[in-house]
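Q: Okay, here's the prediction I keep looking at, along with the sequence it came from:
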Amino acid sequence: MATLRMVFATLSLDNVFKAVYLVFKIIQNIRNLITYNTINEKKFINTSLRWVIIFLFVMVGLQNANGQVSVDTDPGNLEIVNSPGDSLQNRILFLENIEIKGNKKTKKRIITREIDLQTNVSYTFKELRELIKLDENKIFNTGLFNSVKAELEFAENSENSVNVIFFVEERWYIWPSVIFKLADRNFSDWLFNQNAATDRFEYGFKFDQFNVRGLNERLSAMAQFGFKRRFYFGYNIPYLNKDQTFGMGLSFSFSELDQIDYTNVENKRLFISADSIFGDDNERQIISNTLTSNVFFNYRESFYNTHTLRLTYSRTTILEEVLQFNEDYLGSNRDLEQDYFGLTYIFRRDFRDRNNYPLKGFLIDGRLSKIGLGIFNDINQGSAEALVAYYKPLKHNFNIASSLTGYTSYPRFQPYNNMQGLGFANNLLKGYELYVIQGQHYIMNKMELKKRIFSIEANLGRLMPLKQFRKVPIAAYFKVFFDQGYVQNNLPESSRTTVNSILSNRYIYSYGAGLDIVTYYDAVLRLEYSINALNEAGFFINVKSGI
């Protein structure tokens, strides 16, 4: 049974329904192509194929609207125009001018903010090529462009004076989308831990406007219903001052639930519903709601270092009946409300080549957080977290990647609603997708050795009328991996929060092999076979980069 359970993966049910609908549309178009027999057959075929392709890539784009084209198919190449016949390797070049081409909406200053090259300065060819590549990556990592490519152009009748031209292709910026997904952490969690319950879906509408006013601002709004009813609004302005170092953002969120998890037994969450408390009723009963607002300030002191200060206000309420299941859900005093102001400081040094699927560079992310600033007395909790990730290319298209994450918090007792641990999003070890391992402290290490099998870029041409979707990059990497970690939980065995934990306070690990497929608009598909410390083995499908 364990092996069978592990076969199912952390694939969003949203993608499953999209795939089913896509297959139906493709079959429908194929049937039409077979039965259609007129003089306009060629035109009909082209039209049908175009709309099938549009549907496919818009669906992928809607699911991954935060990203950009992910594959750098020729990372070492630099196009050189009007190059003299002699070798450039030891030549000193004088940079006369830097041009930007292809930006129709994006303001030029947003792009030049990422450029370290300086005009009227001399560089060796090697220095110039390396700086151009770094600037390409920085422009690409703004998330504004499908592709960024630089060209080195020699001035006429000159062997040393050059211009650098950055060609950018803007991405699609307006993303209205339909929400239809599982409320649970992943597909396996829903299928086995929640017995494929049909009332655990979330649906609604979402709107994202990227690059508002051409200044890399982002506007987001969401109305979600189903298992969790949630309304959200957010606006982010990355640069407010002339030097483009200071920015800010704000967000508001309100959610309400008729089902909540209230304890963790053998590292699996247990849920209660309004129906289990009040009986079957046609009317929706809300047993918990949360209001959260954030305002944050960013200071980007250099190309790679960013400081963020975030102020949060949160208010959570529950019905008194919830205390029958866990008296410590919001605190040790049978609390029905939890109000707090929180303050978080984040330092991030990001020196990765591509932030969606990095192959070179490093990332340092440190966070200090305090919830409960003395204004309310509902909670007094602090934490510190640090992540260091390293990526290095090797010979023959091999790469290694490794990350180390550490987390510590106080006090020993923490309300169930505020307990952290491993098991959510990408903060988990491979092979433990069915488990939530809570604790006050944890450490986690992930290591991968991967080999690039291929990396290509197809151009759909006139089959795709939307220019932003014509280029289809795809790359595949075979990998072997080893993950390990330790979660410390200092709560007593009689705690109502964690009962009979089988994975905390012990060394845990997993190992295996897999295939990463990197493609359109930040989509990373991971196919992995893993074995964990409980001797559970199986095949998993995941999305997003593993490290």
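A: Here it is on my side, so go on.
Q: residue contacts, Arg284?
A: The contact partners of Arg284, by CB atoms under 8 Å, 6 or more residues apart in numbering, come to Asp258, Ala274. Placement of C-beta: from N, CA and C, glycine included.
Q: Could you pull out the strands in the stretch 151-300 of the chain for me?
A: 161-170, 174-182, 201-212, 217-226, 228-237, 246-257, 259-265, 268-273, 288-300 (DSSP state E, counting those that start in this stretch).
Q: closest one to Tyr357 among those?
A: strand 161-170 (18.8 Å; CB to CB).
Q: Show me how the record splits this protein into domains.
A: Domain ranges of the chain: 92-170, 174-543, per automatic domain parsing.
Q: and Asn141, how many residues sit next to it?
A: 20 (other CB atoms under 10 Å).
Q: Which residue, neighbours along the chain excluded, lies closest to it?
A: Closest residue to Asn141 apart from its sequence neighbours, by CB to CB, 6 or more residues apart in numbering: Asn355 at 5.1 Å.
Q: what about the one you found, how many residues close to it?
A: That count, for Asn355 with other CB under 10 Å as the rule, works out to 19.
Q: Ok, the one 3 residues further on next?
A: Number of residues near Pro358 (other CB under 10 Å) recorded here: 22.
Q: Could you look up the SS state of it?
A: coil (DSSP: H, G, I helix; E, B strand; the rest coil).
Q: just to revisit the earlier point, and the residue nearest to Asn141, how close does it get to Leu182?
A: With distances taken as CB to CB, to the nearest Å, Asn355 is found 26 Å from Leu182.
Q: about what we covered before: among the domains of the chain, which is nearest Ser83?
A: domain 92-170 (6.1 Å).
Q: Report the separation between the two terminal residues of that closest one.
A: 33 Å (CA to CA, to the nearest Å).
Q: shift numbering so it begins at 880
A: Done: numbering now begins at 880, and the last item shifts to domain 971-1049.
Q: Distance from the chain centre to that domain, please.
A: 28 Å (CA atoms, centre = their mean, to the nearest Å).
Q: Also stretch 1091-1104?
A: 16 Å.
Q: Not counting its own residues, what contacts that stretch?
A: With CB under 8 Å, 6+ apart, stretch 1091-1104 has contacts from 984-986, 989, 1021-1023, 1058, 1081-1090, 1109-1118, 1130.
Q: Give the buried residues for that stretch.
A: Val1091, Gly1093, Leu1094, Asn1095, Glu1096, Arg1097, Ser1099, Met1101, Gln1103 (16 or more other CB atoms under 10 Å).
Q: same question, stretch 1110-1120
A: With burial defined by 16+ other CB under 10 Å, the residues of stretch 1110-1120 counted as buried are Tyr1111, Phe1112, Gly1113, Tyr1114, Asn1115, Ile1116, Pro1117, Tyr1118.
Q: Helix, strand, or coil at Phe1419?
A: Relying on three-state DSSP, one would call Phe1419 strand.
Q: And for it, the neighbour number?
A: 23.
Q: pLDDT value on it, please?
A: Looking at Phe1419, its pLDDT is 84.
Q: What's opposite it in the beta bridge?
A: Under DSSP bridges, the beta-bridge partners of Phe1419 are Glu1407.
Q: Mind jotting down where the helices sit in this structure?
A: 881-886, 892-914, 920-942, 987-991, 1004-1019, 1066-1067, 1153-1157 (DSSP state H).
Q: which other residues reach the fifth one?
A: The reference is to helix 1004-1019. With CB under 8 Å, 6+ apart, helix 1004-1019 has contacts from 947, 954, 957, 967-970, 972, 974, 990, 993-996, 1002, 1024, 1026-1029, 1031, 1041, 1043, 1045, 1047, 1182, 1232-1233.
Q: ok and that helix relative to strand 1040-1049, angle-wise?
A: Angle, helix 1004-1019 to strand 1040-1049, by axes from the mean of the first three to the mean of the last three CA atoms, to 10 degrees: 20 degrees.
Q: contacting residues for Leu1198?
A: Going by CB under 8 Å, 6+ apart, the list of residues near Leu1198 reads Ile1156, Ile1166, Ser1167, Leu1215.
Q: Kindly recompute the last result at 7 Å.
A: Counting by CB atoms under 7 Å, 6 or more residues apart in numbering, Leu1198 touches Ile1166.
Q: One more: Val1366?
A: Per CB under 7 Å, 6+ apart, neighbours of Val1366: Gly1300, Leu1301, Ile1316, Gly1318, Tyr1321, Leu1382, Ser1383.
Q: Ile1410 too?
A: Gly1310, Ser1389, Tyr1390, Gly1391, Ala1416.
Q: Would you mind measuring from it to Tyr1390?
A: 6 Å.
Q: Taking the buried residues of stretch 1091-1104, tell me the two that lie furthest apart.
A: Among the buried residues of stretch 1091-1104, Gly1093 and Gln1103 lie farthest apart (CB to CB), at 29.3 Å.
Q: now the contacts of Ile1410 in CSV, with pLDDT, distance to Lys1325 and neighbour count?
A: What follows is those, written out as CSV (pLDDT from 0 to 100; distance: CB to CB, whole Å; neighbours: other CB atoms under 10 Å):
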residue, pLDDT, distance to Lys1325, neighbour count
Gly1310, 92, 12, 26
Ser1389, 97, 10, 22
Tyr1390, 97, 11, 17
Gly1391, 96, 12, 20
Ala1416, 91, 18, 15
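Q: So, low pLDDT: which residues of this protein?
A: Across the chain, the ranges flagged by pLDDT under 70 are 880-955, 963-965, 1160-1161, 1345, 1347-1348, 1399-1401.
Q: ok so, going back, export the buried residues of stretch 1091-1104 to CSV and tack on distance to Val1144?
A: Formatted as CSV, the buried residues of stretch 1091-1104 follow (distance: CB to CB, whole Å):
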residue, distance to Val1144
Val1091, 46
Gly1093, 52
Leu1094, 49
Asn1095, 46
Glu1096, 45
Arg1097, 40
Ser1099, 36
Met1101, 32
Gln1103, 28
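Q: Closest to Ser1373 out of those?
A: Once CB to CB is applied, the member of the buried residues of stretch 1091-1104 that ends up nearest Ser1373 is Gln1103, at 37.2 Å.
Q: Trp966: neighbour count?
A: To be clear, residue 966 is Ser; Trp isn't right here. 8.
Q: My error: substitute Arg1385 in the last question.
A: Arg1385 has 12 nearby residues by other CB under 10 Å.
Q: Contact partners for it?
A: Contacts of Arg1385 (CB under 7 Å, 6+ apart): none.
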